[in-house]
Each structure stands twice: as C-alpha cells, then as structure tokens.
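Engineer: could you work out the structure for the sequence below:
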Amino acid sequence: MNNNMTQSVTKSRMTKAAKITRFTYLALLVLALAAPAIGLYPVFVMKLLCFALFACAFNLLLGFTGLLSFGHAAFFGSAAYVTGWFVKSQSWTPELAILAGTLGAGLLGLIVGAVAIRRQGIYFAMITLAIAQMVYFVCLQASFTGGEDGLQGVSRGKLFGMIPLQSDTAMYYFVVAIFVLCFLFISRIVHSPFGQVLKMIRENEPRAISLGYQVDRYKLLAFVLSAALAGLAGSLKTLVMGFATLSDVHWSMSGEVILMTLLGGVGTFFGPVMGAGIVISLQNLLADKVGSWVTVIIGVIFVLCVLAFRKGIVGELQAYIQRRRAAAKVH
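Structural biologist: Numbering: from 1, shown residues only. Below you'll find the model as predicted:
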C-alpha cells in the first residue's frame, strides 16, 4: 500500500514537473513572438537564436553522444559561406541557399565524422580541430569566399520568391520559426530509440557494443546531424547579418560554442540556449565599453561558473530540483 502511494506521489510530481517545463517553454515562445512589439532589437535576438541553434546542435553531439568536437566552426562557417555565395553570386532564393548550406555542412560532417569517429577522447577532438583548420585555410585562400574580406552585402531576398525578408520583422519571425522547429526536432531525436542508444553510448560504450549495436554508425549519424544543424545556424546567421567572414570558420568560434554549451549545461535541452544568451548578451553589452577585454571578462565568468556550477546553470538547477524531490520522498 505504501509503495503504491509512493509511486502515485512520484508520478504526480513528475507530471507536475513536466507541466511546469511545458509552461516555461510556452512562455518563452510567447516572449519570442512578442519581442519586436515590446522593444527588443530584432537583429540582436535573431543573432542570439542563430547561436543558440548552433549550441543546441553542438550539445546533441557532446551532451547526448559524449563526443567533444573542437572543429564545429567548420560546419557553421562553411555553410555561412555557401549560403552567402549562392545568394550573392547565383541569385538563389533564401530557402534554397539555406538548404544548400545545410546540406553542404552535413556532407562535410559525413567526411569529417568518417575519419574522426575511429578515434576517441582527445584524439577525436584533435582530428576535428585539424580538419577545421584546413577548412579555415581553404576559406582564406579560395577566390569565391572573398579571402580576408569575406562575403559582404549578402541580400536576404524573397522567401519562395514571394515573401520579402528585407524587413527585420519578417526575417525575425522566419528565424524564430526555424529555431522552434529545430529545437523540437532535437527533442524528438533525443527521446527517440535512436537517442536512447546515443545516451547509452555516452554512458557505457563497451556495453552498447556488447549488446550488438553498431556504435560507429550511431556516432557517425549523430555527428552528421549535429554538423547539418550547425550549418543551418551558420546559413541563417549569414542572411541575418548580411555577411560571412573568416571569424565564422576560425577555431575561436568552436571554442565559443563549447563555452556556451558548458555554461548553460551539457546534456540539458535549454542549457545551450541560456549559455548562448549569456555570451551573446555580454558581447553585445560590453563590446563598446571594454573593447577586446570582453573576451577576458567572459573567460572569468566562465571560470567562476565552472567552479560554482559544475553542471552548468540549467544542469545545477535540475540537480537541485531532483535533490528536493528525493528529500521530499524520504519524508
């Protein structure tokens, strides 16, 4: 009888927690939709959402598969260049250019992943970094990328040839729609049987192998999905900002997305979004005031957060809630 009552209370609390989570996401969606009306600068929020998508894509690989890539800027930046080139030089519509950038990043992810997943740990990370540096030098030397000047003056064009995206408001709602769909897509991946296998690989790869799973194929697919989503973020960023530069493929961009993910909470859904929001907001607020010192300030904040919140901000909050539940269950 007591066991039944305990199980009933536990289920009730889990249901309540799920309702709170859904309500929070719904409130954030309403806030995002109302952002232009309440005075938030649309370009800033669009940039934040692009980097939040980039961080979510990276978190799919690190947080749910356990693979640390130091070269994700290659996918973000290469897609940015591909999209910018097709829009500027070939006069493609934005949706086709975005699709080309995303597919290009996915193909690059397939090539990099096929090489990198044969190694583990630091060797995997170093291979991704080395290949990303190769991509950087290609972008530096290739004629179609504009070299050190990058691709400037990329037009937003008309969506499907009919809906003009020159207006910040129209572009804003397009970016919000893409981000929400991708966020739901990542959530579906993680909660699917495929996602459960990825978590098992992260927790105990030898056991996954002993159960008959072809681990390398699962890791490769996760790598390609992460690369494609990172590329989608880079493509959107190019259209939003109107340019693609070498900073998009530089190794520091890979470090930045790692920072965002760790700061918000690895392996959580909302953590990368919060991490991206903190980093982009600090860059936006402090860049004019302290110049290049903004990197030092963000670094100090990161060190303090790692010391105080080892699981990231959202991760520590979830852990606190779980401890409260466990304490309540005992009493």
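Engineer: contacts and neighbour counts: CA atoms only from here.
Structural biologist: Noted.
Engineer: give me the number of residues near the residue lying closest to Y136 once chain neighbours are set aside?
Structural biologist: Excluding the flanking residues, the one nearest Y136 by CA to CA, 6 or more residues apart in numbering is V249, at 5.5 Å. Counted by other CA atoms under 10 Å, the residues lying close to V249 total 30.
Engineer: can you pull the contacts of V249?
Structural biologist: Residues in contact with V249 (CA atoms under 8 Å, 6 or more residues apart in numbering) are 73-78, 132, 135-136, 139.
Engineer: OK, contacts around I278?
Structural biologist: So I278 contacts M260 (CA under 8 Å, 6+ apart).
Engineer: so which bits of the host helix or strand of it are buried?
Structural biologist: According to DSSP states H and E, I278 maps onto helix 271-290. By neighbour count with 16 or more other CA atoms under 10 Å, helix 271-290 contains the buried residues 271-280, 283, 286.
Engineer: now the helix or strand that it is followed by: average pLDDT?
Structural biologist: The element immediately downstream of helix 271-290 (helix or strand, assigned by DSSP H and E) is helix 293-308. Here helix 293-308 scores 81 as its mean pLDDT.
Engineer: and for stretch 29-49?
Structural biologist: Here the average pLDDT along stretch 29-49 is 87.
Engineer: I would like the residues contacting it, please.
Structural biologist: Residues outside stretch 29-49 that contact it (CA under 8 Å, 6+ apart): 168-169, 172-173, 175-176, 179, 237, 240-241, 273, 276-277, 280-281.
Engineer: L108 against F75, yeah?
Structural biologist: Yes: between L108 and F75 a contact is recorded at 7.1 Å, counting by CA atoms under 8 Å.
Engineer: neighbour count: those two, which is higher?
Structural biologist: The residue with more neighbours, out of L108 and F75, is F75; 34 against 21, by other CA under 10 Å.
Engineer: run through the residues that contact the more buried one.
Structural biologist: Contacts of F75 by CA under 8 Å, 6+ apart are 105-106, 108-109, 227-228, 230-231, 234, 249.
Engineer: just name the closest of the residues you listed to L26, please.
Structural biologist: Taking CA to CA as the measure, L26 lies nearest A230 of the contacts of F75, at 24.3 Å.
Engineer: okay, and the closest one sits in which element?
Structural biologist: Here A230 sits within helix 215-241, counting by DSSP H and E.
Engineer: centre of the chain to the following helix or strand past that helix, how far?
Structural biologist: Downstream of helix 215-241, the first helix or strand assigned by DSSP H and E is helix 251-264. Distance of helix 251-264 from its chain centroid, counting by CA atoms, centre = their mean, to the nearest Å, is 10 Å.
Engineer: number of residues surrounding V176?
Structural biologist: Neighbour count for V176, taken as other CA under 10 Å: 18.
Engineer: thinking again about what came up before, per-residue confidence averaged over the helix holding I278?
Structural biologist: On average, helix 271-290 scores 86.
Engineer: pLDDT below threshold where in the chain?
Structural biologist: 1-17, 329-331 (pLDDT under 70).
Engineer: that one: strands as residue ranges?
Structural biologist: For the chain, the strands defined by DSSP state E occupy 158-159, 163-164.
Engineer: by contact count, what packs against the first one?
Structural biologist: Contacts of strand 158-159 with other secondary structure elements, assessed using 3 or more CA pairs under 8 Å, 6 or more residues apart in numbering; DSSP states H and E, are made with helix 94-116.
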